[in-house]
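K.L.:
Provided below are the primary sequence and the corresponding predicted coordinates.
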Amino acid sequence: MAFSYDKLWKLLIDKKMTKETFRISVKVSPTTIAAMGKGQGISPKVLDRICTSFHCQPGDIMEHVPTYE
C-alpha cells in the first residue's frame, strides 16, 4: 500500500513552511518525515496532529495510491 503526501507538501509551500519547521511544529520524528517522503503510511496519532495543526481532514493532505502486484 502506498500513499501520496503531495497535497501536504504543496500546503507547506503555500504556507512558506519548510519540512523541518513543519516537523518541529507537529512534533514528528525525522524518520516519520522520511517515511512520508517514501509514500509510506503514518500512524493515526501523527495524522491527527497534522490535521489538528492545519485544521483539515486527512484527504486534504494525503491520498491512497493503489499498488497492484
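P.N.:
Alright, I've got the coordinates. Numbers count the residues shown, from 1 in each chain.
K.L.:
quick one, helices of the protein?
P.N.:
Secondary structure of the chain (DSSP state H): helices at 6-14, 19-26, 30-37, 44-54, 58-61.
K.L.:
for this protein, which spans come out with low pLDDT?
P.N.:
Judged against pLDDT under 70, the low-scoring parts of the chain cover residues 1, 69.
K.L.:
repeat that with 90
P.N.:
Per-residue confidence of the chain (counting by pLDDT under 90) places the weak regions at 1, 66-69.
K.L.:
and Met62, how many neighbours?
P.N.:
Residues near Met62, counting by other Cβ atoms under 10 Å, number 21. C-beta coordinates here come from the backbone N, C-alpha and C atoms, glycine included.
K.L.:
please tell me I have it right and it contacts Leu8.
P.N.:
Yes. In this structure, Met62 is within contact of Leu8 by Cβ atoms under 8 Å, at 6.3 Å.
K.L.:
okay, now Trp4: neighbour count?
P.N.:
Small correction: residue 4 is Ser, not Trp. For Ser4, the number of neighbouring residues by other Cβ under 10 Å comes to 14.
K.L.:
ok, now Arg23?
P.N.:
Other residues within reach of Arg23 by the criterion other Cβ under 10 Å amount to 16.
K.L.:
so what's it up against?
P.N.:
Contacts were defined as Cβ atoms under 8 Å, 6 or more residues apart in numbering; by that measure Arg23 touches 29-30, 32-33.
K.L.:
just curious, which of those residues is nearest to Gln40?
P.N.:
The shortest gap between Gln40 and any of the contacts of Arg23 belongs to Thr32, at 9.2 Å (Cβ to Cβ).
K.L.:
my guess is the closest one contacts Gln40. True?
P.N.:
No. With contact defined as Cβ under 8 Å, Thr32 does not count as touching Gln40 (9.2 Å).
K.L.:
just put the contacts of Arg23 in TSV and tack on distance to Ser53 and neighbour count.
P.N.:
Supplementary listing: those in TSV, determined by distance: Cβ to Cβ, whole Å; neighbours: other Cβ atoms under 10 Å:
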residue	distance to Ser53	neighbour count
Ser29	16	10
Pro30	17	10
Thr32	14	16
Ile33	14	16
